[in-house]
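Trainee: quick one, what's the 3D model for this:
(chains A and B)
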Amino acid sequence: MTQPVSKAKNVAATERSALSPNKPLRIGLVEDRPEARESWARLINSFPDFACICSCVSGEEAVRVMPQEQPDVILMDIFLPRMSGIECTARLKALLPRVQIVILTAMDDKELVFLALEAGADGYLLKRTKPSDLRKALLEVLDGGVPMSSQIARLVIESFRRKSDTRDESARLSLREEQILHLLSQGYSNKMIADKLQLSVDTVCTHLKHVFNKLHVNSRTEAAIRYMATKAP
Amino acid sequence: MVWHPPWSVESSVPLRLRLLRWGLLAFFPTIIWSGLRPNASAAEPSAAGEGLKATTADGDSNLTNLLGSWIWTDKTLDRQTCQFWREFEIPKAAQVTHARLVMTVDNEFTFFLDGRELGRGAEWRELFDYDITPLMSAGRHVLAVKAYNSSSFAGMVFGLRILLGGEKLIEVKSDRSWRIVPEEAKGWEKKATASKTWSEATVIAPFGSAPWQEVPVRINLMPTLQPIKVLFWQTGWFQLTLLSVSGVVILISLRLLAQLALHRKEQWLLRQERARIARDIHDDIGSRITQLVLHGEVMQSERPADAQTRLQLDRICEEARGVLSTMDEILWAVNPKRDTFEDFASFVCGYAEEFLKPTGILCLFDADPAVSDVVLNLPVKRALLMVIKEALNNAVKHSAATEVVLKIKWQSQKLMMVISDNGKGFDQSSARPCRNGLANMAQRVGELGGTCVICSAPGKGCRIEFSIPLKQTGRSAWTWLARFLKQFRLPRNQAAKLRPGETAEAHDPTR
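Mentor: Residues are numbered from 1 along each chain as shown, chains lettered A, B, ... in the order given. I've put the predicted structure just below:
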């Protein structure tokens, strides 16, 4: 689901590996169902290199607790009572720009997942993912990989197209980025795209990373505006 | 249709002025005559009578010949209303050349011919002279006079002379042949036949005798009366027909409207119900099975067990995952928020990608980016998904292809789908359709009114083409109008934020 970017490594990941290579990864968990919360915590703790340092019942609690706990990765349920996982993601990303947020969803609905990605999530996982895949996915996210599939690529293109007339130049997709996204949406893999466009796979991945950064920058401001709008009487 | 003649009772003031002028011209005797009723017996028929001679249309100035007697009921009372009725007939072949009607009543009258009010008068000293030639057609006619006596003497004097071609003459005068209609009778002036209870009129005095012995002060020549032209849309039957036709049309429209509203309501309820089912599946079954998988995984990771137990646990988890992914499909199909063609194309591409990933077959999409907002209903959505699954399954099982191309297009009100592979293909004549589900596919598409074309030859891959006609429903003109208006209501960047499903409270997939 995620495509690793070897060169454009995430800052948090580099810091972590440089400072304390043996220290387990600190995982925060936001999940409203107690049973699921416990299972996830146990599952994460069963990996030797991962540790679940805190688990929150609601988005509100997460916004309060997470800044003190400073986890490396937050696993966020998409459906939470009151403040949704998507809103919580946007607000946590504003508070902790370095933290990696992975959305957990029971349903494989890309449109829904994309909303979370737009709000600033770094990846998404189906709740039924096998533990081995879960571990791999988490490491990939830490490594700065971007969650990309043809469907997501299509939604990204769509999202930028919608905003194209209102945003400034810096938030627009470059020609190359659009080309790559288009090929992705047609079902081509990173490697095939690299061959087609005569680029290296790394360059393709870097482009994708940029796309996501632009997406996040756009959406976070938007999410903030939306949040303020809901606060207004 | 009450017709007020211009000389009706209301215009009494100018009439009096004219009367005064005439009176002065007619010398003293006339004034005395008019002032000394009823016993002024010595007055002479002077200037008024002379004027009359000059103005009569048919040249017959002898009013005594034209007019009948003064008639009334057997009793004369003050403030009495008396209703006179009479009928006459003009022979069928006769040609009316002239018809003159002269009358007056002491004190007031309203005169009807065939139920139509023709004139009013309130001056017994004057005669009212009507030319009713255009109204005289062959057949029966009804004369009716509603007379009123304010005080003392009362009477009506009346004369109708109809000249027919060939020197024939019909005369109707005021005499005993008139009937007196009781006051309480209704619609009597229109009645064609007299009731037996209507009594005969009583002759009070002949014209020219006491108490009205003199010729009148003047004769009021009334304008010629024309028949009321009834245009076809003014006729009763036409209006009735129009009314009933409009009534029927309104009823039909109301019925259709009600049906439409009911249909809308049904559709809305169906969508609500689908949303509820989706929510229930998601919230309850979905989360429970997910929990089941989690339990299994936790157990596997925490309890080192023997290989047999591990395998069993693994199977349970796999099975549960399978159930969950099937449920995803059902949820997608049931969720009314994912009903557009765009959603369909997106889901199909996602499905194909996931399905072909483990097989190593490259899946390329050519989904029309300019997809429309066409709404696919549940059966169409489901059938199309089944067909695509079948086609992909065939490709994986039989084709040995390395590449599958999936094309989805919206073309001239039709949903076009092409699934082609570069596999080994098959001989269409020898393929047994029942076995590889090709017939099944064609049947499903046929049920939706579409066509399914399968092209394949050994070594040339396989190409399956569907085209399904779909009506553009729901989001037609109104959507465009709404969008158009929204652009004006909000600044553009705000409008972009309000796209469906993106508001903060819309994160539930079904709400």
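Trainee: could you give the average pLDDT over the longest helix along chain B?
Mentor: In chain B, ranked by residue count with DSSP state H as the criterion, the top helix is helix B:236-280. Averaged over helix B:236-280, pLDDT sits at 92.
Trainee: after it, next one along is what?
Mentor: helix B:287-302 (DSSP states H and E).
Trainee: packing partners for whichever helix or strand comes after that next one?
Mentor: Using DSSP H and E, the helix or strand that directly follows helix B:287-302 along the chain is helix B:307-334. For helix B:307-334, the packing partners by 3 or more CB pairs under 8 Å, 6 or more residues apart in numbering or on different chains; DSSP states H and E come out as helix B:236-280, helix B:287-302, helix B:378-394. Every residue, glycine included, has its C-beta placed from N, CA and C.
Trainee: mind putting those into TSV with mean neighbour count and distance to chain A?
Mentor: TSV is the format used below for those (neighbours: other CB atoms under 10 Å in any protein chain shown; distance: least, CB to the nearest CB, whole Å):
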stretch	mean neighbour count	distance to chain A
helix B:236-280	12	9
helix B:287-302	19	4
helix B:378-394	19	13
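Trainee: residue ranges for the helices of the chain, please.
Mentor: You didn't pick a chain, so chain A it is. A:11-19, A:34-45, A:59-69, A:85-95, A:110-119, A:131-142, A:150-163, A:175-185, A:190-197, A:201-231.
Trainee: actually, chain B is the one I wanted.
Mentor: B:12-25, B:27-35, B:47-55, B:63-66, B:236-280, B:287-302, B:307-334, B:341-356, B:378-394, B:438-447, B:477-489, B:492-497.
Trainee: okay, those in a markdown table with distance to B:Glu126 next?
Mentor: A markdown table is the format used below for these (distance: least, CB to CB, whole Å):
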| stretch | distance to B:Glu126 |
| --- | --- |
| helix B:12-25 | 8 |
| helix B:27-35 | 10 |
| helix B:47-55 | 9 |
| helix B:63-66 | 12 |
| helix B:236-280 | 37 |
| helix B:287-302 | 105 |
| helix B:307-334 | 93 |
| helix B:341-356 | 89 |
| helix B:378-394 | 89 |
| helix B:438-447 | 92 |
| helix B:477-489 | 72 |
| helix B:492-497 | 83 |
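Trainee: for A:Tyr124, which of those helices is the nearest?
Mentor: helix B:341-356 (13.1 Å; CB to CB).
Trainee: and the angle for the closest one with helix A:175-185?
Mentor: Helix B:341-356 and helix A:175-185 are oriented at 70 degrees to each other (axes from the mean of the first three to the mean of the last three CA atoms, to 10 degrees).
Trainee: shaky segments in chain A?
Mentor: Within chain A, the stretches with pLDDT under 70 are A:1-22, A:163-171, A:217-233.
Trainee: to A:Val201, which of the helices and strands packed on helix B:307-334 lies closest?
Mentor: helix B:378-394 (27.8 Å).
Trainee: ok, and what's touching the closest one?
Mentor: Residues from elsewhere that reach helix B:378-394, judged by CB atoms under 8 Å, 6 or more residues apart in numbering or on different chains: B:274, B:329, B:333-334, B:339, B:344, B:347-348, B:351-352, B:355-356, B:376, B:404, B:406, B:415, B:417, B:419, B:436-438, B:440-441, B:444-445, B:447-448, B:452, B:462, B:464, B:466, B:468, B:470.
Trainee: buried ones among the residues you listed?
Mentor: Among the contacts of helix B:378-394, those buried by neighbour count (16 or more other CB atoms under 10 Å in any protein chain shown) are B:274, B:333-334, B:339, B:344, B:347-348, B:351-352, B:355-356, B:376, B:404, B:406, B:415, B:417, B:419, B:436-438, B:441, B:444-445, B:448, B:452, B:462, B:464, B:466, B:468, B:470.
Trainee: need the helices and strands packed on helix B:307-334 in a markdown table (columns: distance to B:Lys196).
Mentor: Putting the helices and strands packed on helix B:307-334 into a markdown table (distance: least, CB to CB, whole Å) gives the following:
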| stretch | distance to B:Lys196 |
| --- | --- |
| helix B:236-280 | 30 |
| helix B:287-302 | 96 |
| helix B:378-394 | 79 |
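Trainee: ok, which of the ones you listed comes nearest A:Glu178?
Mentor: Nearest of the helices and strands packed on helix B:307-334 (CB to CB): helix B:378-394, 28.0 Å.
Trainee: now that closest one: mean pLDDT?
Mentor: 83.
Trainee: next, the angle helix B:236-280 makes with it.
Mentor: 50 degrees.
Trainee: A:Pro97: how many residues sit nearby?
Mentor: As a burial measure, A:Pro97 scores 12 neighbours (other CB atoms under 10 Å in any protein chain shown).
Trainee: what's around residue 205, how many residues?
Mentor: You didn't pick a chain, so chain A it is. By the measure other CB under 10 Å, the count of residues near A:Cys205 is 24.
Trainee: could you do chain B instead?
Mentor: For B:Ala205, using other CB under 10 Å, the count is 17.
Trainee: how near is it to chain A?
Mentor: In this view, B:Ala205 and chain A are 96 Å apart by CB to the nearest CB, to the nearest Å.
Trainee: then B:Gln80?
Mentor: Taking CB to the nearest CB, one finds B:Gln80 at 81 Å from chain A.
Trainee: ok, now which ones touch the closest residue to that residue other than its chain neighbours?
Mentor: Nearest residue to B:Gln80 in three dimensions, chain neighbours excluded: B:Asn149, at 4.7 Å (CB to CB, 6 or more residues apart in numbering or on different chains). With contact taken as CB under 8 Å, 6+ apart, B:Asn149 is in contact with B:Trp72, B:Thr76, B:Leu77, B:Asp78, B:Arg79, B:Gln80, B:Thr81, B:Cys82, B:Asp106, B:Asn107.
Trainee: next one: B:Met417
Mentor: Applying CB under 8 Å, 6+ apart, we find B:Met417 in contact with B:Leu384, B:Ile388, B:Leu406, B:Lys407, B:Ile408, B:Lys409, B:Glu465, B:Phe466, B:Ser467.
Trainee: swap in B:Lys173?
Mentor: For B:Lys173, counting by CB under 8 Å, 6+ apart, the contacting residues are B:Leu66, B:Leu67, B:Gly68, B:Ser69, B:Phe158, B:Gly159, B:Leu160.
Trainee: the fourth one: how many residues sit nearby?
Mentor: By other CB under 10 Å, 21 other residues sit near B:Ser69.
Trainee: what values do phi and psi take at it?
Mentor: phi -90, psi 170 (degrees, to the nearest 10).
Trainee: quick one: contacts for it?
Mentor: B:Val157, B:Lys173, B:Ser174, B:Asp175, B:Val203, B:Ile204, B:Ala205, B:Pro206, B:Phe207.
Trainee: 6 Å instead?
Mentor: Contact partners of B:Ser69, counting by CB atoms under 6 Å, 6 or more residues apart in numbering or on different chains, are B:Ser174, B:Val203, B:Pro206, B:Phe207.
Trainee: and the residue nearest to B:Gln80, how far is that from B:Arg86?
Mentor: Between B:Asn149 and B:Arg86 the computed distance is 19 Å (CB to CB, to the nearest Å).
Trainee: repeat for A:Ile86
Mentor: 96 Å.
Trainee: okay, these two: which has more neighbours?
Mentor: A:Ile86 (29 against 20).
Trainee: tell me the one among the contacts of B:Met417 nearest to chain A.
Mentor: Relative to chain A, the closest of the contacts of B:Met417 is B:Leu406; by CB to the nearest CB it sits at 8.1 Å.
Trainee: these two touch, right, that closest one and B:Ala367?
Mentor: No: the criterion here is CB atoms under 6 Å, and B:Leu406 misses it with B:Ala367 at 7.7 Å.
Trainee: could you give the number of residues near residue 91?
Mentor: This is for chain A. As a burial measure, A:Arg91 scores 22 neighbours (other CB under 10 Å).
Trainee: try again with chain B
Mentor: B:Pro91: 11 neighbours (other CB under 10 Å).
Trainee: for A:Cys54, same thing?
Mentor: The burial count for A:Cys54: 19, using other CB under 10 Å.
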